[in-house]
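>>> Generate coordinates for the sequence data below:
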Amino acid sequence: MSTADRTSRPAPPPGEGEVDVAAAVGIFAMLADATRVRIVLALREGEMAVGEIAGAVGKPVPAVSQHLAKLRLSAMVESRQDGNRVYYRLINDHAARLVGDAMHQAEHAASPHPAHHATGGSAHRH
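Residues are numbered from 1 along each chain as shown. From the prediction side, this is the model:
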């Protein structure tokens, strides 16, 4: 696309789309932490108790609880209590897909032939 093509498009009205962009940036910021990414990866398998999540991500329960609270406030996970145990699950598959896509992009950054292209038999478009 030429510079002329980019400048000929009308600018969006002030503020339009900014709420969505700001919210998206907030989601990326929330996932810009290795422990939270590992938590989302663990929860792709389904609901887990806090202790199970801590074991899966290799962090102490108090630290995992703090990360889960942040993920809950950002509407990525939800919790339920069963007696003394608190269970967490992803609210929807969007965070899991986002983290999965980031992992695939990381594979592209590390190798010209990422492993995810060799599995599953489906071609990826770039």
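>>> centre of the chain versus the helix or strand hosting residue 100, how much separation?
Secondary structure assignment for residue 100, by DSSP states H and E: helix 94-110. Between the centre of helix 94-110 and the centre of its host chain there is 9 Å, according to CA atoms, centre = their mean, to the nearest Å.
>>> and that helix, what other elements does it pack with?
helix 34-43, helix 115-118 (3 or more CB pairs under 8 Å, 6 or more residues apart in numbering; DSSP states H and E). The C-beta positions use only the backbone N, C-alpha and C, and glycine is treated the same way.
>>> burial of residue 42, as a residue count?
Number of residues near residue 42 (other CB atoms under 10 Å) recorded here: 19.
>>> State the helix or strand in which the closest residue to it other than its chain neighbours lies.
Spatial nearest neighbour of residue 42, chain neighbours left out: residue 56 (4.1 Å); criterion: CB to CB, 6 or more residues apart in numbering. Secondary-structure element containing residue 56, defined by DSSP H and E: helix 50-57.
>>> Just the buried positions in whichever helix or strand comes after that helix, please.
For helix 50-57, the following helix or strand on the C-terminal side (DSSP H and E) is helix 61-73. Neighbour counts over helix 61-73 (16 or more other CB atoms under 10 Å) mark 64, 67-68, 71 as buried.
>>> Could you export those to a markdown table, including columns for pLDDT?
Output for these, formatted as a markdown table (pLDDT from 0 to 100):
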| residue | pLDDT |
| --- | --- |
| 64 | 98 |
| 67 | 98 |
| 68 | 98 |
| 71 | 97 |
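>>> So which of these is the closest to residue 27?
Residue 27 has its nearest neighbour among the buried residues of helix 61-73 in residue 71, at 10.5 Å by CB to CB.
>>> contacting residues around that closest one?
The contact partners of residue 71, by CB atoms under 8 Å, 6 or more residues apart in numbering, come to 30, 36, 39-40, 77, 95.
>>> Of those residues, which is the most crowded?
Result: residue 39 is most packed of these (other CB under 10 Å), 28 neighbours.
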